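[1] I would like to see how this sequence folds:
(one chain, ligands or ions: 1)
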Amino acid sequence: MNMSAAPRDASMISPSLEHALETARHVVVFTGAGVSAESGVPTFRSAGGLWEKYDPHQLATHEAFSHDPDLVWSWYSWRRNTIRGVEPNPGHYAIAEAEQLFPQFTLVTQNVDNLHQRAGSSRVHELHGNIERSRCLACGTYFMGDEAPPTDKAQSCSCGGFIRPDVVWFGESLPMEELQHAQNAATSCDLLFTIGTAATVYPAAMLPVMARRAGAYVVEINPEPSSIAHEVSECITGASGVVFPVIIERLKQLRTTA
Ligand code: OAD
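    Residues are numbered from 1 along each chain as shown. Below you'll find the predicted structure:
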């Protein structure tokens, strides 16, 4: 039965979701840019999103970097600085808290912004890399955080190779180990939350669908239905920083009254 037709208000946690919360042993949270929107990080495809203002082909491909490394580097420096200037929001904190509440918990993100880690999530499976990490195209040396070149221009490694942001660009493969772990978690979990993603970029967008097909209860949290909303068990319409903390509070209430 497809129960996704009627999106629910944040304050209405369905009996099916309550049951799933009470019985789930392995919970997966799968996040996208929307979880960081309330922190002030722009999303990609919502109104005013990054891909409305910038052409991804000129900024987020290997060809773009080969053509104009300074332009690509300066765009990522700008994004890195924006992200460093914001704080995790209640959605990130509630996701970090959820990790403590289930026997098994897996957090998978498409975000590169480090905000889950800053909110206290201990293990984050990053499918699209991390903007705080850079690597040399020639020798593969990694640079973390402030080790990364601070300038707006592309820098060279001591070996002479160009240093690039360690994020996944269009046309590139996802990190195999992280993807494999995410797919295994999706197909073996009991409950999956897909939060703040338009679910249009594959293979990441397939995870909630895989989970549902493997028998998990799948809940989407988004102010508007994503492209896979018809594939999930239930949609909750709203902002993640409002909805997910309500869900976690309800779970704790259910546990104390059980
Ligand atoms: P998008 O920008 O495509 O989608 C963001 C989603 O978040 C939309 O569905 C919004 O409705 C939703 N949203 C906005 N505010 C929200 C809030 N407060 N709470 C919950 N949801 C909210 O971002 P992603 O789906 O993450 O890839 O994009 C996937 C990938 O496309 C990104 O990782 C990036 C991009 O190209 C690469 O750079 C490889």
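
[2] what's residue 125 sitting at in phi/psi?
    Dihedral angles of residue 125 (phi, psi; degrees, to the nearest 10) stand at phi -90, psi 110.

[3] residues near residue 201, how many?
    The criterion is other C-beta atoms under 10 Å. On that basis, residue 201 has 18 neighbouring residues. The way it works is simple: take the backbone N, C-alpha and C, and place the C-beta from them, glycine included.

[4] Next, the contact list for it, please.
    residue 110 (C-beta atoms under 8 Å, 6 or more residues apart in numbering).

[5] start to end distance for stretch 45-61?
    Between the opening and closing residues of stretch 45-61 we find a distance of 17 Å, counting by C-alpha to C-alpha, to the nearest Å.

[6] burial of the closest residue to residue 25 other than its chain neighbours, as a residue count?
    Spatial nearest neighbour of residue 25, excluding adjacent residues (C-beta to C-beta, 6 or more residues apart in numbering): residue 103 at 4.9 Å. Burial of residue 103, expressed as a neighbour count using other C-beta under 10 Å, amounts to 8.

[7] Could you check how far residue 103 is from residue 189?
    Using C-beta to C-beta, to the nearest Å, one obtains 11 Å as the distance from residue 103 to residue 189.

[8] Tell me the residues that contact both of these two, please.
    residue 26.

[9] how about the residues of the stretch 151-258 of the chain near the ligand?
    Along the stretch 151-258 of the chain, the residues adjacent to the ligand under the rule C-beta under 6 Å from any ligand atom are 168, 196-198, 200-201, 221-224, 226, 239-240.

[10] Before I go, just wanted to say thanks for your time.
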